[in-house]
Every structure is written in C-alpha cells, then in structure tokens.
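Visitor: generate coordinates for the sequence data below:
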Amino acid sequence: MKTAKLFLSPLRRAKSRRDDTLLTVCDSLREMKTANLFLSPLRRAKSRRDGMCITAGEAEGVTRGAGATSTHKSRRDGTLLTVCDSLRAFSLRAILLSALALFSCASLHAQVLIGGTDRPRNGAILDLNSTAKGGLILSNVTITDPEKIPFNNPNVFPGINASNADVNLALRGAMVYNSGLDPALPAGIYVWNGYSWTQDGACVLSIISTSSTSVTAGAGKSVTLSITATCAERYQWYQNNVASNTGGNLISDTNAASYKTPGLSLGTHYFYCTASSSSGEVTSDVFTVNLLASGSSKGSFSGNTCFDLAQGNDDLNGCGPVSGRKPTVFSDRNPQDGVITAPVQYSGVQVYTFTPTGSVSHVRFGYTETSGISVDHIVPESSAYATADNINYACKVTVYYREDLDDELKGTTRDTGHKLKLYAVYNSDPNYFTASSDKVLELNISLQDCACCGAYVSRSPDKWLNFMCHNLGADEDANPFTPDAAIHGAKYKWGTTAPALTQEEDQDPAFVGMASTNYYPNWGSTCCPSSNGAKWINSPCPDGWRIPTAKELEDVTKDINNALTYFNGGTYTSGLKIGSALFLPSNGNRNAANGSFPGRIEHLGKYGFYWSDDQATTRYFHYDLMVRSNTQTLDQSNGISVRCVAE
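Guide: Numbering: from 1, shown residues only. A predicted model of the protein is given here:
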C-alpha cells in the first residue's frame, strides 16, 4: 500500500488543522462540504469486482482518517485498487472541482497531484497526470476585442472595468478558450498578457494609439500630448525642428506616456515619443503643434462643453445627487445643436458653432485629446469652409464622441474624467492671403460621471442646482475654481442681451480704480425694462440655461450641505467657493448711470455681485468677504456679472 501511504500520510502527520502548516485532506473537504463529492463513488461501490474497487466498508475506514492498511489486509498482487487509483476512475470534472476546493482553503500549502501514483513534479502547484480520457476544459468565451477585459459575456471576469490598468495587469496569465466567432480572432486557447489576448501569451511592444497628432492652439498655451503603448517599460519624449520622428532633442524627465509642453511661442513645433522594454523600442508618429494668435475679437465659438454621465458618484466626491444632474448618453447618436431640454439628456453627437464678427476666410476645425480618448471623428457641415473667402455666416462642426464612453467614464470625477480642446481656426483676412493671419478660438470640453458645476439647494426638487462653470464673458479656458482675472467675465445691465462691457473692457487699467477719472463717461441710463415684477425676457444665457432667481442664489449660501470657503486675495484673486463645485469671484460692480461716477468700478476684490431674474427694482445676489451674503436691490443700470443655471 505504498501509494496509499503517499496519498494519506498527511492525515497521520497533521496534529492540528490550526497549526498553519498543513490542512488535512479530509478537513479541507469538510470545510468545503465536498467530502460526499470526493468520496461518494467509494461508498457506492458494492464489490471489488475482481479487485478493481475497494468496498464500502473500506471506504468508510478511509473517511475516518485511518490508514488504508488498518481497514483491509495488505495485498501485494496489485488487484486491490488504492485510493489514488480509484480516483483516476472518477469523472475528471469531479476531480477538478475537488482540487479547486482544496486550493480555496488558505491553510493548504502542499502541491497537488491529480492522477498518477508519484509525487507531484517539482515546481508544479497542480500536476494533472491522468491516463484516462479527457482533459482540462477552459472557459469557452467569445473574444470580440483583443485589448479588453471583460468579453461580451458578463459572467466571465464580472465587475472588471476594462479601463482599469491595474486590474488588467493583475489578471496577467488568465487563460480561456476563444470560440472563434469573430473571424479576426481564430478559435483556440488565449492568454491575457496584461494588455491584450494572444495565443502564445507573449507581450508585444507596440504603440496602439496616440492623441491627435495635429494640434492647434493659441500662442503661449501649453498642450498635452499622449500615446498608448502595450508592454512599455520606459518612455522618452523628443522635440524636433522638422516634421520627423528621428534626430530630435531629448526632453529630460519625461518617462511617461503623456507630456505637457511648456507655453509655446507662435509657430509650428514638432514632438515625438519612444516607448521601450527589454524586447526593444518603438517610436510614435510626429505630433505637429501649431500655435496661432488668439482670435477672440473676430467671433465666437460655442457648444456644450461639459458632459456628465449622471450614473455614479451619487452624492459622492462633490458630484451632487444623481437625481439632480442632467445625464449624457453617448450611445445616443442623434445630433444635438445646442442644449436639449426635452428629453433631459445630452447625446453623444454634438454640434459646435463658430460665428465670425465681420468677414473672415478659410475656417477649419480640429481637436486635441488632453486626457483620455473621447472623440471618434468630427465632420464640418461644409468642406467648402476651409477654402472659402468672405465668410460672414455661422460655420458648424459635428463632433462624434465615442459610443463606449457610457461604460468607460463610469465613476470618473472632475479630476479623473476625459478632457479635450476643440478649435475653430480662421484667417482674419476676408480674402485669404497668408497663414500669418490665422487665428484660433478654442473650447475646453470635459466628460465625466460627476456634476460639472453646481451646489445644493434644499428647496429645489432635486436638491441640486447645476450652474455654468464660468460667468458669461469669462475665459472658458481658465480653471473655474482658481481665483483669477480670467474668470470674472463681462458686466451686464439688468434685462439686456449684450454685455455693457466685455471682460477685456471691464479690466482696462484706465477704468479700474476709484479715482474720479476711472469711470465710463458714456455709461448711459437707458437699458432695461421698467415694469416691476417683470422677468429678464431677453436673457443673455444660451439655450438650455437661464438667469437664476434671487431665492436660488441666496439658498446656495445657506444650505448646510454647502461648505463656504472665502478667498481673500487681491483685486482679481478673491472669491467665494460654495461646496466643492461652484466658485464665484469677487467681481465688484459698475456704478449706476444716475450715480456720481456712472460706470465706475466699485468693491472689486471685496464683494461679489450677480444678477437674479427678479426685477423688483432690481434684485441681485451679493456677498462680501466678511462672511455675509444676501439679496438686495440695485438700479438696473448697474453693471453686474451673470452666472447662468440649467433649465
């Protein structure tokens, strides 16, 4: 009974299954409640059938932990079937299930042999050595994308987020049988190498995607370039003087898949990246970065710039309750031109509009992915824009965002979501003459599973109010949560559609200050509706947005869920942060037309003033840095900021 002794000796040696050295076979089976599965064929045997099976009584002796020789007489003729030999006769599937039950017990550290009479071979945790018919059956799946986990079967690797790089790497070595229903992926055994499914499991170094390689931005801007590589261990970025991915100048400290350039001067700049591993090195295509003069004075560029899945982060991470957020469905492929209010959701196909001031020429559109890959493709409404002269009409471009962002963006926040820049490039000369006259306007676009900007309002039906991230007329390229002159915006008289002063005019040094000369002599007094109780009919807010009520503006500072943080800085670096998703700069106001100095700036850097939709001669929201906030009335000809809220 040498083979029985080999298999059962752990039963004799184990003194306690709590000794952290070895869990006995029987104890392991009892823990997993699989003893019947493992041993029931022994119990069912009625006779030895000429020495080919041990008896039920002998099997009972085994289950009691006795040595095989204590239950039956030793037989040297080979007719007695040992426990190990009988196991070989069992269903391979039952054996495998039993082995898996053994592995699941944390205290079992021994090697396991299934089939055969020898010890498991060195180096093997599980040694399959069966001469019976059959083999190891792997999960049968259909791989549709060789670079993603999970497959189309949600029961395989359930809960795995395909965009989670750490999880993908942790699953290296996973093995499945691919059905081959996709002709591009023939049937066979596939191994996950941490990046993709291959039939040999080898990790092949390659660059599989890059951010846009043709980038246009305003002069002095920095841009973010990125590549996605498989099996890369190191990265190195280079800058070149020509459009080539060889011979460039090494950029120090750039061992990362993305690179944010410093502010670049006017002109064209070239970059490329290498990715390397122990198996070699690969080089990206050339990134061409064109830096153009700002073109804000020659037109406007508009469209939806922030998209919230409204599926996760429910009242978490400063994202607001899902019930009060306007969702985006990227798989909805119906184009939307402007904000759609019914049904209350954004689609994955958005239209953006460049409207020139006066006449321009050669209008073009482009984009740069600064974080994540969001865009499938873009299509101008007319290909003639790029070569046309004397353009004095609106030019549109449709952006098709990726349909699978509904899954990829789940759970992302403002910091971890995707970001990109969309550009409208035009020539300021009505009759195109030289590229030196090219200008650019840009939109910063965010895609996430989190409210873009907003605050709690307890008396609102959804207890959350979505705000625009910037004051009207502010630089939307600027961070809306960092106090800066760029986010103060324009000044409006109540009830008007156009600003009384643009942000640039409002910050003209000649008209900033309290001296008698620091005012606009032609400020004027005629501007606004005169009847009390009227609403702001000619709203400057774009479609889908409106002027907030006085009560809404007051409530956001009184809701206990909104922590108030005051920034008491300088002229343009003061403001009030409400909760984690709304910042209102201390923008001051322009004095009324009937005052001593009409149009003079007052309270800049000390007080915040924001118009409400209620006239009541005329209500506005006001706060100061002494931690006071309320609504008061002002003459309609005061110049005050506007912050729109979602309809």
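Visitor: where does the stretch 351-500 of the chain dip in pLDDT?
Guide: Counting by pLDDT under 70, the stretch 351-500 of the chain shows low-confidence ranges at 434-436, 459-462.
Visitor: now the strands for it?
Guide: In the stretch 351-500 of the chain, the strands defined using DSSP state E, counting those that start in this stretch lie at 361-371, 375-380, 395-401, 418-427, 438-448, 454-456, 464-466.
Visitor: please identify the most buried of those strands.
Guide: Of the strands of the stretch 351-500 of the chain, the one with the most neighbours on average (mean count of other Cβ atoms under 10 Å) is strand 454-456, at a mean of 26. Backbone N, C-alpha and C define where each C-beta goes, glycine included.
Visitor: would CSV of the strands of the stretch 351-500 of the chain with distance to D506 be doable?
Guide: Converted to CSV, the strands of the stretch 351-500 of the chain look like this (distance: least, Cβ to Cβ, whole Å):
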stretch, distance to D506
strand 361-371, 29
strand 375-380, 34
strand 395-401, 29
strand 418-427, 24
strand 438-448, 20
strand 454-456, 25
strand 464-466, 26
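Visitor: which stretch among these comes nearest H488?
Guide: strand 438-448 (17.3 Å; Cβ to Cβ).
Visitor: just say helix, strand or coil for the spatially closest residue to S258 that is not a sequence neighbour.
Guide: Leaving aside its sequence neighbours, S258 sits nearest to S226 (Cβ to Cβ, 6 or more residues apart in numbering; 3.7 Å). Classification of S226 by DSSP: H, G, I helix; E, B strand; the rest coil places it in strand.
Visitor: any weak-confidence spans in the stretch 501-647 of the chain?
Guide: 513-519, 521, 524-534, 593-596, 615-632.
Visitor: thinking again about what came up before, tell me which of the strands of the stretch 351-500 of the chain lies nearest to Q507.
Guide: Among the strands of the stretch 351-500 of the chain, strand 438-448 sits nearest to Q507 (Cβ to Cβ), with 19.6 Å.
Visitor: got the phi/psi numbers for D555?
Guide: phi -70, psi -30 (degrees, to the nearest 10).
Visitor: my read is that it contacts K463, right?
Guide: No - the pair D555 / K463 is not scored as a contact, 10.4 Å apart, by Cβ atoms under 8 Å.
Visitor: what's the overlap in contacts for those two?
Guide: Counting by Cβ atoms under 8 Å, 6 or more residues apart in numbering, the residues touching both D555 and K463 are V457.
Visitor: just checking, P120 touches V112?
Guide: Yes - P120 is within contact range of V112, at 6.4 Å (criterion: Cβ under 8 Å).
Visitor: mutual contacts of those two, please.
Guide: With Cβ under 8 Å, 6+ apart as the test, P120 and V112 both reach L126, D127.
Visitor: about what we covered before: so what's the residue count around the residue nearest to S258?
Guide: Residues lying near S226 (other Cβ atoms under 10 Å) number 22.
Visitor: dump the residue contacts of it.
Guide: So S226 contacts T210, S211, A257, S258, Y259, E369 (Cβ under 8 Å, 6+ apart).
Visitor: pLDDT wise, what is it at?
Guide: You'll see S226 listed with a pLDDT of 89.
Visitor: tell me the contacts of the closest residue to L405 other than its chain neighbours?
Guide: Nearest residue to L405, sequence neighbours excluded (Cβ to Cβ, 6+ apart): F330, at 4.2 Å. By Cβ under 8 Å, 6+ apart, the residues touching F330 are F307, S347, G348, Y401, R402, E403, D404, L405, D406.
Visitor: from Q336, how far off is F330?
Guide: 12 Å (Cβ to Cβ, to the nearest Å).
Visitor: ok, now N466?
Guide: From N466 to Q336 the distance is 17 Å (Cβ to Cβ).
Visitor: repeat that for T370.
Guide: In terms of Cβ to Cβ, T370 sits 23 Å off from Q336.
Visitor: just to revisit the earlier point, any chance of JSON lines for the contacts of S226, columns secondary structure?
Guide: Shown next, in JSON lines, are these (three-state DSSP):
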{"residue": "T210", "secondary structure": "strand"}
{"residue": "S211", "secondary structure": "coil"}
{"residue": "A257", "secondary structure": "coil"}
{"residue": "S258", "secondary structure": "strand"}
{"residue": "Y259", "secondary structure": "strand"}
{"residue": "E369", "secondary structure": "strand"}
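Visitor: for those, which one is nearest S278?
Guide: Closest to S278, out of all of the contacts of S226 and judged by Cβ to Cβ, is A257, at 17.8 Å.
Visitor: look at the closest one and say how many residues are nearby.
Guide: A257: 17 neighbours (other Cβ under 10 Å).
Visitor: same check, this time on A550
Guide: 21.
Visitor: quick check: it vs Y492, distance?
Guide: In terms of Cβ to Cβ, A550 sits 16 Å off from Y492.
Visitor: do a quick rundown of the helices in the stretch 501-647 of the chain.
Guide: Applying DSSP state H, counting those that start in this stretch to the stretch 501-647 of the chain gives helices spanning 503-506, 550-558.
Visitor: most tightly packed of these?
Guide: helix 550-558 (a mean of 20).
Visitor: so what secondary structure elements neighbour that helix?
Guide: Counting contacts by 3 or more Cβ pairs under 8 Å, 6 or more residues apart in numbering; DSSP states H and E, helix 550-558 is packed against strand 575-578, strand 619-624, strand 628-633.
Visitor: if you set the cut-off to 7 Å instead, what comes out?
Guide: Helix 550-558 sits against strand 619-624, strand 628-633, with contacts defined as 3 or more Cβ pairs under 7 Å, 6 or more residues apart in numbering; DSSP states H and E.
Visitor: what's the burial count for G115?
Guide: Neighbour tally, G115, other Cβ under 10 Å: 16.
Visitor: burial measure for the residue nearest to D308 when sequence neighbours are not counted, as a count.
Guide: Nearest residue to D308 in three dimensions, chain neighbours excluded: R325, at 5.3 Å (Cβ to Cβ, 6+ apart). The number of residues packed near R325 is 25, by other Cβ under 10 Å.
Visitor: quick one: residues contacting S641.
Guide: S641 is in contact with N471, G489, K491, N587, F609, Y610, counting by Cβ atoms under 7 Å, 6 or more residues apart in numbering.
Visitor: tell me the spacing between the last one and V642.
Guide: When Cβ to Cβ is applied, the distance between Y610 and V642 equals 7 Å.
Visitor: among the two, which residue is more densely surrounded?
Guide: Comparing Y610 with V642 by other Cβ under 10 Å, the one with more neighbours is V642, at 24 against 21.
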